[in-house]
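> Fold the following, please.
(one chain, ligands or ions: 2)
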Amino acid sequence: MPVTDQAFVTLCTNDIYSQGALVLGKSLRNHETSRKLVVMITSQVSGRMRAVLGKVFDEVLEVDILDSADLVRLSLLKRPELGVTFTKIQCWTLTQYTKCVYMDADTIPLRNIDELFDREEFSAAPDSGWPDCFNSGVFVFRPSLDTFRRLLQYAEDNGSFDGGDQGLLNSFFSNWATADISKHLPFIYNLSISSVYTYIPAFKQFGSEAKVVHFIGTPKPWNCKYNPQSKWVVEEEALNGEQHQLFLVHWWETYISDILPLLTEQEEFDGTDKHQFGRIELQMKSENPSSDCSKEAQPDNPGHSVSSQPSSSSGQPPLDDSLQGQDLLPSQLSPQPVTEDSFHMAHLSKSVSELSIQEAEEALKMEEERRKWEEGHIDYMGKYSFDNIQKKLDRFLQ
Ligand SMILES: O=c1ccn([C@@H]2O[C@H](COP(=O)(O)OP(=O)(O)O[C@H]3O[C@H](CO)[C@@H](O)[C@H](O)[C@H]3O)[C@@H](O)[C@H]2O)c(=O)[nH]1
Ligand SMILES: [Mn+2]
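Ligands and ions are numbered 1, 2, ... in the order given. Modelled structure (predicted):
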């Protein structure tokens, strides 16, 4: 039975974090939540993205940006961008709901987690960096304008010890660590990806029970490059543990099978760049997987069955023994129609077999421009105006 006065709530202040929110929202739906889904956005989220968010979430609500602007403390975290996470506390204004579960846009549920609504405010899981603090990526709360006002006042008077919402909320709900054990969510409801490395035996023992994975810190899944043929994520930093890979692969597979089609649909509806995402997938399928990245990412434990090879005939992504049988990796690449447009992809100078969201979009923009140029639709008033060409020539001839 749907429960209409309770909701999962997330936040995205730009189109990049929106990709995470979409994967989160769709995953909650895939696991058949009975609760409403709400996403708080700010003014920078584009119209196109708002429309796509509206396909996944019951409510897309614009809120004001609140920024701690505390660069000194945020620099200690090495995350100067996290001041905007103060925006999160506006979730307490959602008084159309009696109880909510807030989840960061960089979390992904692996199964149904509606039982979290049995908990009371303020419930959260320990932070893996300092377990007497909770992590503010997943928490149970009761919307209340009074609490919201008190939080704002607290922020104004005391700031946040880490410059982000987590420091603020930990100081505000300061008895969390000692007062009531029922408000300590088990760690499996907010499994920080970093703990996979810091306590490997515990992960081996309990990891298969994980319910929510949190891609805390950097890089986020959407900043990694994904090779859909080898089903492997290439990371800049050498963080490639096999379990970490499994979760990143799961995020990307959900993105490709459940979110890209929604984005494509929206492009078609807007009448812009038909089939652009479809074309990326086609091209990826016809390319050889990057053997380098598979090699880099070889798991160091031969006892486990994670494969870095191209997917088997069953098309199943690699599964760790301990996670076999869980409803963990359900999605597959959705087949796209072969369109005339797909041939244009061959002209892209950069291989898109390893895909990053930004790169893919940039490559597509260049491709579109080239095509327009070839078709004689040249932007003589803008980019290719005489003035701009003159400036380029001047720079070249300097
Ligand atoms: O530019 C941004 C940055 C963050 N967010 C939202 O805020 C959340 C928190 O930011 P995130 O980058 O996920 O932070 P973490 O790496 O998870 O770092 C920790 O520190 C943050 C600041 O205190 C807390 O918000 C997190 O819950 C905590 O896990 C994101 O998931 C988004 O929902 C945006 O929408 N836009
Ligand atoms: Mn987070």
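> Please verify my assumption that E32 contacts P109.
No: contact between E32 and P109 fails when scored by Cβ atoms under 8 Å: they sit 11.0 Å apart. For every residue, glycine as well, the C-beta is placed using N, CA and C.
> So for the two, which sits in the more crowded spot?
P109 (21 against 9; other Cβ atoms under 10 Å).
> Which strand residues bridge the more buried one?
For P109, the beta-bridge partners are V212 (DSSP bridges).
> Show the pLDDT at it.
Predicted confidence (pLDDT) for P109: 98.
> and the gap between it and ligand 1?
From P109 across to ligand 1, the span is 14 Å (Cβ to the nearest ligand atom, to the nearest Å).
> Smallest gap between the stretch 101-250 of the chain and ligand 2, at which residue?
D104 (3.4 Å; Cβ to the ion).
> I'd like the distance between that residue and S43.
20 Å (Cβ to Cβ, to the nearest Å).
> Can you give me every residue that contacts whichever residue of the stretch 101-250 of the chain sits closest to ligand 1?
When scored by Cβ to the nearest ligand atom, the stretch 101-250 of the chain has G164 as its residue closest to ligand 1, at 2.4 Å. G164 makes contact with S68, L74, L77, R79, L82, G83, T85, F86, S136, according to Cβ atoms under 8 Å, 6 or more residues apart in numbering.
> Tell me which helix or strand the closest residue to Q243 other than its chain neighbours sits in.
Excluding the flanking residues, the one nearest Q243 by Cβ to Cβ, 6 or more residues apart in numbering is V196, at 5.0 Å. Assigned by DSSP states H and E, V196 falls within helix 195-198.
> again with L11
strand 3-12.
> State the mean pLDDT of that strand.
What strand 3-12 shows for mean pLDDT is 98.
> Please see if the helix or strand just after that strand touches ligand 1.
Sequence-wise, the next helix or strand downstream of strand 3-12 (DSSP H and E) is helix 15-30. Yes: using Cβ under 6 Å from any ligand atom, we find that helix 15-30 touches ligand 1 at Y17.
> same thing with stretch 111-128?
No: using Cβ under 6 Å from any ligand atom, stretch 111-128 never reaches ligand 1; the gap is at least 7.3 Å.
> List the buried residues of that stretch.
Of the residues in stretch 111-128, 113-114, 116-117, 119, 121-128 count as buried by neighbour count, 16 or more other Cβ atoms under 10 Å.
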